[in-house]
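J.: Predicted model follows, preceded by the sequence.
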Amino acid sequence: MRPGRGDQRRRGRGEQAAAAAVQAREDAATAFYDMDQAQKYLQGRVTVFADLDARAAAPVRNEFTALSDNADAAAMAYISVLDANDLDDDRDRGPAEYDSARRAFLAVTDRLKKITTDLNRFAERLAPQMSRLEAALDQLPPRLTAARDAVAAADAAIAAARAAGMDAADPEAELARAKEALSQLGSQGLGGLGLAGAMDKADEVRRAAESAREAAEELPRLGEKVRHSLASVRTRSEMVAGRVESVRQAMKLLLRNYSLACWQDLKGAPEAVKDGVERARERLNEASGHVARNEWKQAQRALTAARTELNAAERRAHQVTGRVADLDAAAADPGKPAEAARFAVRDAQKLAMAQPGGAAPHHARALDELVERLDRAPRRLTGPHPDYWSYLQELESIKTAAGDVVARIRAERAAQT
């Protein structure tokens, strides 16, 4: 029996519906593939971005994570639709069932395409930053090469110093730290530092290696310098030791010619100078021992300590001999130091009066007080053994105070301009 036209029309509608459903399934598969590829590509770009710019990675990662979660959810939805609509089985379906499958595939296709668009747009926004970072990445290899070259040069300089019998422990320790940093940078790539951090680290390694090389190359010159300094400081110690007797004689003059107030702060000065010289000699002996063992840094430190002792001893000796000279001059002509202080006060007065409107009241009062102190200063010189030292200190204090007034006037003038 031949089928009727109604059966043919139903069969035709069923075949059309089946074909439409299969096409919708293929479109969904294409959309899924496109989204999957966009997600994988963007994941790779975000990973590279995080390696190159660790500080800016957080917001990029956060945005990608949200997009990736949406993509994963859409993928699960696609798989669910695919499982629920197996168009390859042998089960008979009516046009309505095929149409339902088609609509399900169309809906998931729209979802997949929207997420693909979102992923691509994010990739487009990220592209300029990636281009900038990748262009900057070209600067890293030359910096790493410079760091490796500097390390090799430092190794050679340290080996040469050791071959010459020098103690190269300090530059060697500095180079070891540089090598460790370079090793970490080489084995871990950017090592979580980001591009900028990796380039900074490479530059840091280069500078440390160059410093170690310079220190190693300086060792032979340092040895000669230390030997010369040792001889020089030893000669200076003998010269300071030779001043002990002159300091003793100066103290005798102070005790004999001036009151207790003029020299009590210098009591024990000859012994202090002598003891300082002895301590300096001990440091010099230490330095000699270090020189014999090629320990140049330690020898330098011992020499510095010896110089410090000699400086203190010389200052103490000068305090005594200078005190004698100052007191003798004041005793011979008490008016001369007073005139120097009065000159300083007059200069301050002239400057104060030269201001618009004359001297400011607070400056005038300060200068008037200094004049009164000048007038009272000679009263300190009474009795058979005047306190010349107190007299000189008061005049020096007046000169300092006059200078302070001048400084304040100039500062106020500068603030007004």
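T.: Noted; the coordinates are in hand.
J.: how far is stretch 244-263 from where the chain is centred?
T.: Centroid separation for stretch 244-263 versus its chain: 53 Å, with C-alpha atoms, centre = their mean, to the nearest Å.
J.: tell me which residues of that stretch are tucked away?
T.: The neighbour-count check on stretch 244-263 (16 or more other C-beta atoms under 10 Å) flags 244, 247, 250-251, 253-254, 258-259, 262-263 as buried. (Each C-beta comes from the backbone N, C-alpha and C, glycine too.)
J.: Any stretches of this protein with poor pLDDT?
T.: Within the chain, the ranges that satisfy pLDDT under 70 run 1-12, 14, 52, 54, 89-93, 133-140, 185-196.
J.: can you list the domains in it?
T.: 5-137, 140-218, 242-330, 335-416 (automatic domain parsing).
J.: sorry, back to before: need the max-distance pair from the buried residues of stretch 244-263.
T.: 244 and 259 (24.8 Å; C-beta to C-beta).
J.: quick one: the residue lying closest to residue 280 once chain neighbours are set aside from residue 122, how far?
T.: Using C-beta to C-beta, 6 or more residues apart in numbering and skipping residues adjacent in sequence, the residue nearest residue 280 is residue 309, 3.9 Å away. The gap separating residue 309 from residue 122 is 72 Å, by C-beta to C-beta, to the nearest Å.
J.: now residue 258
T.: The value you get for residue 258 to residue 122, if C-beta to C-beta is used, is 91 Å.
J.: do the same with residue 299
T.: Distance from residue 299 to residue 122, by C-beta to C-beta: 65 Å.
J.: So which of these two has more stuff around it?
T.: More neighbours surround residue 299 than the other of residue 299 and residue 122, with 27 against 19 (other C-beta atoms under 10 Å).
J.: residues in contact with the more buried one?
T.: 226, 230, 287, 290-291 (C-beta atoms under 8 Å, 6 or more residues apart in numbering).
J.: now residue 320
T.: Residue 320 neighbours (C-beta under 8 Å, 6+ apart): 247, 250-251, 254, 266, 269-270.
J.: From the residues you listed, pick the one nearest residue 18.
T.: residue 269 (118.4 Å).
J.: what about the nearest residue to the closest one once chain neighbours are set aside, which helix or strand?
T.: Leaving out its chain neighbours, the residue that sits closest to residue 269 by C-beta to C-beta, 6+ apart is residue 320, at 4.9 Å. Per DSSP states H and E, residue 320 falls inside helix 296-332.
J.: Helices along this protein, start to end?
T.: Assignment of helices within the chain using DSSP state H yields the ranges 5-52, 57-84, 95-137, 140-163, 169-187, 194-241, 244-257, 269-292, 296-332, 335-353, 361-376, 388-416.
J.: how far off helix 296-332 does the last one point, in degrees?
T.: Spelled out, that is helix 388-416. On the basis of axes from the mean of the first three to the mean of the last three C-alpha atoms, to 10 degrees, helix 388-416 is oriented at 110 degrees to helix 296-332.
J.: Give the buried residues for helix 388-416.
T.: 388-389, 391-392, 394-395, 398-399, 401-402, 405-406, 408-409.
J.: Also stretch 373-383?
T.: 373-374, 377, 380.
J.: Likewise for stretch 74-83?
T.: Result for stretch 74-83 [16+ other C-beta under 10 Å]: buried residues 74-75, 77-78, 81-82.
J.: so which of those residues comes closest to residue 51?
T.: Nearest member of the buried residues of stretch 74-83 to residue 51, counting by C-beta to C-beta, is residue 75, at 26.5 Å.
J.: what's the closest non-adjacent residue to residue 46?
T.: Using C-beta to C-beta, 6+ apart, the closest residue to residue 46 is residue 64 (4.6 Å).
J.: number of nearby residues for the one you found?
T.: 24.
J.: what's the spacing between it and residue 116?
T.: Counting by C-beta to C-beta, the gap from residue 64 to residue 116 is 14 Å.
J.: before we move on, what about residue 382?
T.: 106 Å.
J.: Then residue 396?
T.: 89 Å.
J.: what's the answer for residue 57, then?
T.: Distance from residue 57 to residue 116, counting by C-beta to C-beta: 24 Å.
J.: Pretty sure the residue nearest to residue 46 sits against residue 42.
T.: Yes. Residue 64 lies in contact with residue 42 (C-beta atoms under 8 Å); the separation is 6.3 Å.
J.: anything in contact with each of these two?
T.: residue 122.
J.: on that earlier part again, so among the contacts of residue 299, which ones count as buried?
T.: 226, 230, 287, 290-291.
J.: Pipe those into JSON lines and attach distance to residue 325 per row.
T.: Below are those laid out as JSON lines (distance: C-beta to C-beta, whole Å):
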{"residue": "226", "distance to residue 325": "37"}
{"residue": "230", "distance to residue 325": "33"}
{"residue": "287", "distance to residue 325": "35"}
{"residue": "290", "distance to residue 325": "40"}
{"residue": "291", "distance to residue 325": "40"}
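J.: so which pair among these is furthest apart in space?
T.: 230 and 290 (9.6 Å).
J.: got a list of what the closest residue to residue 281 other than its chain neighbours touches?
T.: In this structure, residue 281 finds its nearest non-sequential neighbour in residue 237, 5.9 Å apart by C-beta to C-beta, 6+ apart. Residues near residue 237 by C-beta under 8 Å, 6+ apart: 277, 280-281, 284, 306, 310.
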